[in-house]
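**Student:** what follows is a predicted protein model with its sequence.
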Amino acid sequence: MTTHVFRAGPCAVALETTLLVHGVPASTAPALDAELRAICRAEGAEPALVGVVGGAPTVGMTERELALLLEQGTSVPKANSANLGVLCHWGSHAATTVSATMELAAAAGVRVFSTGGLGGVHKGYGCHLDVSADLGAFTRFPVAVVASGVKSLLDVASTREALESLGVPVIGYRTDAFPSFYTRDSGQSVDARFDDAETLAKYLRAELERTGRGVVVCNPIPEEDELDTALFGAWLEQAEDEAEDAGVSGRGVTPFLLGRLHELSGGKTLEANLVLVRSNVRLGAALAKSMHA
């Protein structure tokens, strides 16, 4: 029987471990973790880092528990809703992605989760089925996920359509446009716009209770930190060509592309990623505080 460790209070914001374990150099992860926790607390909310520690799904991980995952580095598996149970059964450590973080947050009663960007429909969908488990998680778990849209290397238009088909509300915070991670406007729209965090919190509290499903809250990357669209497009095209030449496929594509984008951009994509994560954690904490109040 899997033992859950839930340490999150009623005014908590879920934070995923994949960013810390797989998204940044291990040497910088503890400082980033401390910074995100501090942002939450400064806004009056409680940080709740989510992961799997020795087979135990944990919401509200300690610094020591995070260190156990970081000691194993990128060999730590990524958990989504499909493999979460078997990783727990094996007694493994695991870093949670969006879908697994939503599942554990919902089980612990946490209703707000801040991340960078969602997974979605990958390019080439017409030839092979490649859709992130993140999208399906919104139909099962009542969590408001604050994100800067979806990762720019996906098929953004198809992902937005998939969210519509699944009946997932897509809400813009101070934006009418659906963002695509490094850029503020993907050319797609949101379902509704809110310009005030307290009003948005009231809607989220009612909507999560009404449906028992999740809500996407789009918080675009700050305007001054947005990457140039044309320049990013050139980096992405080169990275995709290199991935094809190297025969990279399946789950290996995304980490390969992200790694090459970091190199081709001289670190600008990672810098932008961290900026938008901080912004999303700040908004998520403000929403959690208002929803609890």
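**Tutor:** Cool, got the structure.
**Student:** assign a three-state SS to residue 256, would you?
**Tutor:** Following DSSP: H, G, I helix; E, B strand; the rest coil, the label given to residue 256 is helix.
**Student:** not counting sequence-adjacent ones, nearest residue to it?
**Tutor:** Closest residue in space to residue 256, ignoring its immediate chain neighbours: residue 248 at 4.8 Å, by CB to CB, 6 or more residues apart in numbering. Placement of C-beta: from N, CA and C, glycine included.
**Student:** then residue 41?
**Tutor:** Nearest one to residue 41, counting by CB to CB, 6+ apart, is residue 47 at 6.9 Å.
**Student:** which stretches in the protein count as helices?
**Tutor:** Assigned by DSSP state H, the chain shows helices spanning 18, 29-42, 63-72, 84-89, 98-107, 133-137, 156-165, 197-211, 229-245, 253-264, 268-292.
**Student:** distance to residue 186 and mean neighbour count for the ones you listed - can I get that in CSV?
**Tutor:** Shown next, in CSV, are these (distance: least, CB to CB, whole Å; neighbours: other CB atoms under 10 Å):
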stretch, distance to residue 186, mean neighbour count
helix 18, 22, 22
helix 29-42, 25, 17
helix 63-72, 32, 16
helix 84-89, 29, 16
helix 98-107, 18, 26
helix 133-137, 16, 22
helix 156-165, 5, 18
helix 197-211, 21, 16
helix 229-245, 10, 15
helix 253-264, 17, 17
helix 268-292, 14, 22
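**Student:** figure out which of these is closest to residue 54.
**Tutor:** Residue 54 sits nearest to helix 63-72 of all the helices of the chain, at 7.7 Å, using CB to CB.
**Student:** show me what the closest one is packed against.
**Tutor:** Packing contacts for helix 63-72, counted by 3 or more CB pairs under 8 Å, 6 or more residues apart in numbering; DSSP states H and E, involve helix 29-42, strand 46-53.
**Student:** per-residue confidence averaged over the shortest one?
**Tutor:** So that's strand 46-53. Average pLDDT, strand 46-53: 98.
**Student:** show me what it is packed up against.
**Tutor:** Judged by 3+ CB pairs under 8 Å, 6+ apart, strand 46-53 is in contact with strand 12-16, helix 29-42, strand 56-59, helix 63-72, helix 84-89, strand 94-96, helix 98-107.
**Student:** can I assume residue 4 is in contact with residue 109?
**Tutor:** No: counting by CB atoms under 8 Å, residue 4 sits too far from residue 109 to count as a contact (11.7 Å).
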